[in-house]
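J.: need a structure here:
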Amino acid sequence: MEHVIALDVGGTGMKAALVGAGGELLHQARRATGRDRGPEAVVTGILDFAGELRAHGVRRYGRPASAAGLAVPGIVDEREGLAVYSANLGWRDLPLRALLAERLGGVPVALGHDVRTGGLAEGRIG
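T.: The predicted model follows:
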């Protein structure tokens, strides 16, 4: 079954889902962001969480996700795929889109600001 990974990173927690091609929620998960361990640990946590979601998709639906979307707080350069600055997570000029794409086997990844992506989701699906 075709699906994508959706991942929302907050200051204290991460929320994630596998979403089917028709917009149906297939799987959801949460975990702590771990910002008390520092910026590198947060990045590792995001990549590991996404890798686990990918593996779940393969086990449950017979294939890896076809794409992923990642929402993060702070200043984001969506076109370049950079988490430019996040005061609460300690990032500067982090190539998060490329890191996540590599972890997920080269699938397309969209990186966005958490508030803007939340507004987009609200507008599209209510």
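J.: from the middle of its chain, how far away would the longest helix seen in the chain be?
T.: Selection of the longest helix in the chain by residue count, based on DSSP state H, yields helix 39-61. On the basis of Cα atoms, centre = their mean, to the nearest Å, helix 39-61 sits 9 Å off its chain's mean C-alpha point.
J.: go on, stretch 51-62?
T.: Mean-position distance between stretch 51-62 and its chain equals 15 Å (Cα atoms, centre = their mean).
J.: could you pull out the helices for this protein?
T.: 39-61, 96-103, 114-125.
J.: returning to that earlier point: could you say what helices and strands the longest helix of the chain packs with?
T.: Packed against helix 39-61, as judged by 3 or more Cβ pairs under 8 Å, 6 or more residues apart in numbering; DSSP states H and E, are the following elements: strand 3-9, strand 13-20, strand 25-32, strand 68-72, strand 91-94, helix 96-103. (C-beta placed from N, C-alpha, C; glycine too.)
J.: Can you lay out the ones you listed as CSV showing distance to residue 54?
T.: Listed next are the helices and strands packed on helix 39-61 as CSV, based on distance: least, Cβ to Cβ, whole Å:
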stretch, distance to residue 54
strand 3-9, 7
strand 13-20, 9
strand 25-32, 11
strand 68-72, 8
strand 91-94, 20
helix 96-103, 8
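J.: where does this structure dip in pLDDT?
T.: The model of the chain has pLDDT under 70 over residues 114-126.
J.: related to what we said a few turns ago, determine which stretch of the helices of the chain is the most buried.
T.: Ranked by mean neighbour count under mean count of other Cβ atoms under 10 Å, the helices of the chain are led by helix 96-103, which reaches a mean of 19.
J.: Quick check: closest non-adjacent residue to residue 113.
T.: In space, and not counting its chain neighbours, residue 113 is closest to residue 76: 4.5 Å by Cβ to Cβ, 6 or more residues apart in numbering.
J.: Bridging across strands, which residues link to the one you found?
T.: residue 83 (DSSP bridges).
J.: Okay then, goodbye and thanks.
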